[in-house]
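Asks: I'll drop the sequence and a predicted model, then ask my questions.
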Protein chains: 4
Amino acid sequence: MTRKTVTVSGVRIGEGFVFIAGPCAVEDEELTLAIARDVRKAGARILRGGAFKPRTSPYSFQGLAEAGLKILKKAGAAAGLPVVTEVMDTRHAALVREYADMLQLGSRNMHNAPLLRELGRMDKPVLLKRGMSATLEEWLRAAEIVRAGGNEEIVLCERDVRTFESHARNTLDLSGAVRARERAPWPVLVDPSHATGRADLIAAMSLAAAAAGVDGLMIEVHPHPEKALSDKEQQITPAEFARIASDVRAVREEMAAKSLLAAA
Amino acid sequence: MTRKTVTVSGVRIGEGFVFIAGPCAVEDEELTLAIARDVRKAGARILRGGAFKPRTSPYSFQGLAEAGLKILKKAGAAAGLPVVTEVMDTRHAALVREYADMLQLGSRNMHNAPLLRELGRMDKPVLLKRGMSATLEEWLRAAEIVRAGGNEEIVLCERDVRTFESHARNTLDLSGAVRARERAPWPVLVDPSHATGRADLIAAMSLAAAAAGVDGLMIEVHPHPEKALSDKEQQITPAEFARIASDVRAVREEMAAKSLLAAA
Amino acid sequence: MTRKTVTVSGVRIGEGFVFIAGPCAVEDEELTLAIARDVRKAGARILRGGAFKPRTSPYSFQGLAEAGLKILKKAGAAAGLPVVTEVMDTRHAALVREYADMLQLGSRNMHNAPLLRELGRMDKPVLLKRGMSATLEEWLRAAEIVRAGGNEEIVLCERDVRTFESHARNTLDLSGAVRARERAPWPVLVDPSHATGRADLIAAMSLAAAAAGVDGLMIEVHPHPEKALSDKEQQITPAEFARIASDVRAVREEMAAKSLLAAA
Amino acid sequence: MTRKTVTVSGVRIGEGFVFIAGPCAVEDEELTLAIARDVRKAGARILRGGAFKPRTSPYSFQGLAEAGLKILKKAGAAAGLPVVTEVMDTRHAALVREYADMLQLGSRNMHNAPLLRELGRMDKPVLLKRGMSATLEEWLRAAEIVRAGGNEEIVLCERDVRTFESHARNTLDLSGAVRARERAPWPVLVDPSHATGRADLIAAMSLAAAAAGVDGLMIEVHPHPEKALSDKEQQITPAEFARIASDVRAVREEMAAKSLLAAA
């Protein structure tokens, strides 16, 4: 099996190690722009940010929708970063496609076949997150639905499995990421922000994922996590992100220099 | 908290005990009609059947779409049964609404907020299944999204939680159904077909659910399960359904007659 | 496969439906005697009670040890009930055997092979609880270790599996009890007290288990659960037990009278 | 909280990074001696090996008992390695103590309070594995039972939690190891052999654990895994172990040299 490289507006995923970073939700223009510049400087190559946030509670912040997409695109352009954002409704796919360089299919929609099919017909790369209770098989079948539609530009993103343990939000299934990379040709990232749901576990899990040989990380960054409109507990500051990115690079460079096992 | 009764084209859910039955998927007209008559005779009061079956594998049978909706409605009418069928895509909600008496939101879409909102704006009752890895809290919040849209005609349907155990497909969370009934005013059904995924466990789990005090059961019925185009392992024959329905009624009547605890 | 009946000092398990009841722990003589008489009157045929309670926290009440065994035996004799109590240490097996009519192997020791082997060499029936995270296969293999030692007087007792859900302590795996009864010749009981960990779920889960066709229930009873030295949240009063036992009997009699499916 | 260092016959755990390696079970003298020399050369500082293997199936290889303890001690002495082996029965604790430098309390006995107490009274360090379905809290309470007996020489060893996922035997809970190190003063190791149950996942999970900042690894090594009398699927060869140990050291040295986050 030849490993596949996916190119997102010039950024190659699957060669070297890539960081995707940005806020959970696009909250306003100034903030998003500042985050974009900060994560760019720290080494991120793609900007993430949510425009549609129809969270489980109907009374929470729901995102800025198209206004959010515009801000995200503008912030990415200003910082020189392509952008990825989530599509949550088949009716919005074409709209999101206009603004985004990469389309995210989130954990809650991994079993949403109509949406998978819609993204399979698009001409933009797809970031396919693993469902919270999805088996590895189901995740790979979801990728197959996208691919069957004609879109082979797929990047997998591992999160976690739900367990009885409550010291973190869920349990990061790192061996699942390793297995996904063996089973499928697509690059595999890890999202330690959602997998742990705890800011103070992100450094350790990022280093762990990098050492285990995945192709990159997607991390939520916000200058004031305690004021964030969503996911307060798991966002880290730009300074923390810079430190983690630097440490991860050091480990990966050492692994590459000495041809360590998981660096293949 | 006053318990709510939901009326589906004349059939009341939340008073007495109701059976919803029918095939996993609408396969053809003759078959669907035969099943409708058989389950009606055996005591079912609502006919179920899937028209959209975008299953995880992109190469499996995908359902008959609108043709399936027409057949389902016709079969229901012939047998004197209102029908319930699943909506899987916000773009299809209006279409499904034309044919169905009740709109099902399936397990894989319990976290699909746009779809929940769409059903919240409809004037038909919603059958809201619990997600496979959803907590009780998340399930009730999903119901709240529907309700917040203005639609208060909600029926909850318990399935299962994913566990390491593999003797059944998943583990039926019967205490979850009991707790849902305490926490929310809506009627709560149990779906032993999907919860167990095994035809030979359906009788025992149906009797158990009835004795635990839920408001009804939804069961998949097919005259030739081994030839079914989907869910072969969990469909039961009309004769088996008739036996189960009769036994469940006997238990419920005894419970009502003697005012047993869970009959409240 | 012929189903096996296990006789505990004259009480037959596997014919009809049996109730085992009693306090979590033997706390003092007067209390234990009162409970024994109350549960006997309500229909229990075996008295349970723990003498060794080496619970996870080293600072909790640890049980009365041999003094507790004496009290339990005395209370059972006064009420006309054989007694079952847990063995937790291979060094105590012979001692417990002197006082108990049936030896319980608890959930935390289901994987404890030396203890299973010790009970396999004893001449008293064994009540083998399913481990909290044990698969059905592992549970049946544990029974096989007992049987391989020469002791074929085994009664299985289902509890729960650990899941992410927290509305109850764990998730009662009722289909596991049904499958255990299909796979092995031994009687299968359900312990709704430990499976749910919540007093207010015990009535519903007891009725459910009875309707699903198991051979009996083991329930924790204490006159003042709020003052109990252990398991406060899951013990029910003698009056509550009497009501549940009466309701369960009504359901089982109806099932037997009409030869309902799960009554086989 | 000051982190504690535990010394096992001169080998310090909790300073730097330690490898414990050896066969699942002690099978014969020649083989054990060869493994001991090989893992010593590859960097292991403690030899592991099981003498009592009362596995779930009563018909499998059960270990060599005292003969196995003698071989293990002899092999350790010849290679210059202290030895660790599992105690499974309170009645064997004194015997195992005679031969072993460190006493292992295995996953299946983490809830076995009498055995925890017995080890708490011993004058040898304890290697306390996390139970397969144990929460972090329960694991730390088990350590507290040992400590309450007077033995403060405790090393924790993380394994896995049981989940629905089956691509590996279980799911390694790496964030659990990180949290355990935050919550308790004792060193924390990871056992990738049992956590994954798959030889081909051990390299990636070892590197991941090392990068996440744990204090060492315990790995099963056998020259001919396919001929091993137990745990065939998860043992790796001495050559594979040497490669992993070398790679892990390279990562840890880089982390120490640059003071990376998780190296603290």
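Replies: Yes, it's here. This one's a predicted model, so the numbers in the text were calculated from it and none came from an experiment.
Asks: Can you pull the residues of chain A lying near chain C?
Replies: A:162-164 (C-beta under 8 Å from any C-beta of the partner chain). In short, each C-beta sits where N, CA and C put it, glycine included.
Asks: Quick check: which ranges of the stretch 51-200 of chain A have low pLDDT?
Replies: A:55-61 (pLDDT under 70).
Asks: what's the closest non-adjacent residue to the residue nearest to the spatial centre of chain A?
Replies: By C-alpha atoms, centre = their mean, chain A has its centre lying nearest to A:Met218, at 4.1 Å. Nearest non-adjacent residue to A:Met218, counting by C-beta to C-beta, 6 or more residues apart in numbering or on different chains: A:Ile20, 4.1 Å away.
Asks: isn't that neighbour right up against A:Val84?
Replies: Yes - here A:Ile20 reaches A:Val84: they are 6.3 Å apart, a contact under C-beta atoms under 8 Å.
Asks: wait, doesn't A:Asp160 sit right on A:Ala177?
Replies: No - using C-beta under 8 Å, A:Asp160 makes no contact with A:Ala177, being 10.5 Å away.
Asks: OK, contacts around the residue nearest to the centre of chain A?
Replies: Neighbour list for A:Met218: A:19-21, A:48, A:127, A:157, A:189-191, A:193 [criterion: C-beta atoms under 8 Å, 6 or more residues apart in numbering or on different chains].
Asks: quick revisit: by neighbour count, which of the residues of chain A next to chain C wins?
Replies: A:Thr163 (26 neighbours; other C-beta atoms under 10 Å in any protein chain shown).
Asks: The residue nearest to the centre of chain A: what secondary structure?
Replies: The local conformation at A:Met218, judged by DSSP: H, G, I helix; E, B strand; the rest coil, is strand.
Asks: Relative to chain B, how far out is it?
Replies: According to C-beta to the nearest C-beta, to the nearest Å, A:Met218 and chain B sit 19 Å apart.
Asks: Repeat that for A:Val161.
Replies: 9 Å.
Asks: That residue bridge partners, please.
Replies: Beta-bridge partners recorded for A:Val161 (DSSP bridges): A:Thr171.
Asks: correct me, but it touches A:Asn170?
Replies: Yes - in this structure, A:Val161 is within contact of A:Asn170 by C-beta under 8 Å, at 6.5 Å.
Asks: shared neighbours of these two, anything?
Replies: A:Met132.
Asks: With neighbour numbers in mind, choose between these two.
Replies: Ranked by neighbour count (other C-beta under 10 Å), A:Val161 and A:Asn170 place A:Val161 first, with 26 against 22.
Asks: any idea how far B:Ala65 is from that one?
Replies: Per C-beta to C-beta, to the nearest Å, A:Val161 is found 34 Å from B:Ala65.
Asks: and what of A:Asp123?
Replies: From A:Asp123 to B:Ala65 the distance is 26 Å (C-beta to C-beta).
Asks: so what's the closest residue to A:Asp101 other than its chain neighbours up against?
Replies: Spatial nearest neighbour of A:Asp101, chain neighbours left out: A:Pro82 (3.6 Å); criterion: C-beta to C-beta, 6+ apart. The contact partners of A:Pro82, taken as C-beta under 8 Å, 6+ apart, are A:8-11, A:45-47, A:76, A:101-102.
Asks: what's the neighbour count on A:Glu253?
Replies: A:Glu253 has 13 nearby residues by other C-beta under 10 Å.
Asks: Can you pull the phi/psi pair for it?
Replies: phi -70, psi -40 (degrees, to the nearest 10).
Asks: And A:Ile46, by the same measure?
Replies: Per degrees, to the nearest 10, the backbone of A:Ile46 is at phi -140, psi 140.
Asks: how about the residue lying closest to it once chain neighbours are set aside, secondary structure?
Replies: Counting by C-beta to C-beta, 6+ apart, A:Ile46 lies nearest to A:Ile20, which is 4.3 Å off, once chain neighbours are set aside. Put simply, A:Ile20 is strand when judged by three-state DSSP.
Asks: now the helices for chain A?
Replies: Secondary structure of chain A (DSSP state H): helices located at A:29-42, A:66-79, A:93-99, A:113-120, A:136-148, A:174-183, A:192-196, A:202-212, A:238-257.
Asks: So which other helices or strands are in contact with the longest one?
Replies: To tie it back to what came earlier, the one meant is helix A:238-257. Where contact means 3 or more C-beta pairs under 8 Å, 6 or more residues apart in numbering or on different chains; DSSP states H and E, helix A:238-257 is packed against strand A:18-22, helix A:29-42, helix A:202-212, strand A:216-220, helix D:238-257.
Asks: any chance of those in CSV, plus mean pLDDT?
Replies: As requested, the helices and strands packed on helix A:238-257 are arranged in CSV below (pLDDT from 0 to 100):
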stretch, mean pLDDT
strand A:18-22, 98
helix A:29-42, 97
helix A:202-212, 96
strand A:216-220, 98
helix D:238-257, 95
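Asks: I'd like those written out as a markdown table, with distance to B:Lys4 added.
Replies: Formatted as a markdown table, the helices and strands packed on helix A:238-257 follow (distance: least, C-beta to C-beta, whole Å):
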| stretch | distance to B:Lys4 |
| --- | --- |
| strand A:18-22 | 43 |
| helix A:29-42 | 43 |
| helix A:202-212 | 44 |
| strand A:216-220 | 39 |
| helix D:238-257 | 59 |
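Asks: Nearest approach to A:Lys70 belongs to which of the ones you listed?
Replies: When the helices and strands packed on helix A:238-257 are compared by C-beta to C-beta, helix A:29-42 sits nearest A:Lys70, at 8.6 Å.
Asks: Quick one: residues in contact with that closest one.
Replies: Contacts of helix A:29-42 (C-beta under 8 Å, 6+ apart): A:19, A:21-23, A:26, A:47, A:49, A:71-72, A:74-76, A:78-81, A:221-223, A:238, A:241-242, A:245-246.
Asks: One more: stretch A:247-264?
Replies: By C-beta under 8 Å, 6+ apart, stretch A:247-264 touches A:16-17, A:19, A:43, A:203, A:206-207, A:210-213, A:217, D:203-204, D:207, D:211, D:243-244, D:247, D:250-251, D:254-255, D:258, D:260-262.
Asks: okay, it in PDB with CA atoms only?
Replies: What follows is stretch A:247-264 as a C-alpha-only set of coordinates in PDB (Å, rounded to 0.1, in the frame of the first residue of the first chain):
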ATOM      1  CA  ASP A 247       8.700  20.100  21.700                       C
ATOM      2  CA  VAL A 248       6.900  17.800  19.300                       C
ATOM      3  CA  ARG A 249       9.200  19.000  16.500                       C
ATOM      4  CA  ALA A 250      12.200  18.200  18.600                       C
ATOM      5  CA  VAL A 251      11.000  14.700  19.200                       C
ATOM      6  CA  ARG A 252      10.100  14.200  15.500                       C
ATOM      7  CA  GLU A 253      13.400  15.600  14.300                       C
ATOM      8  CA  GLU A 254      15.300  13.200  16.600                       C
ATOM      9  CA  MET A 255      13.100  10.300  15.400                       C
ATOM     10  CA  ALA A 256      13.700  11.200  11.700                       C
ATOM     11  CA  ALA A 257      17.500  11.800  12.300                       C
ATOM     12  CA  LYS A 258      17.900   8.400  13.900                       C
ATOM     13  CA  SER A 259      15.300   6.600  11.700                       C
ATOM     14  CA  LEU A 260      13.300   5.500  14.700                       C
ATOM     15  CA  LEU A 261      10.700   2.800  14.300                       C
ATOM     16  CA  ALA A 262       7.500   4.800  14.300                       C
ATOM     17  CA  ALA A 263       9.000   7.500  12.000                       C
ATOM     18  CA  ALA A 264       8.300   5.400   8.900                       C
END
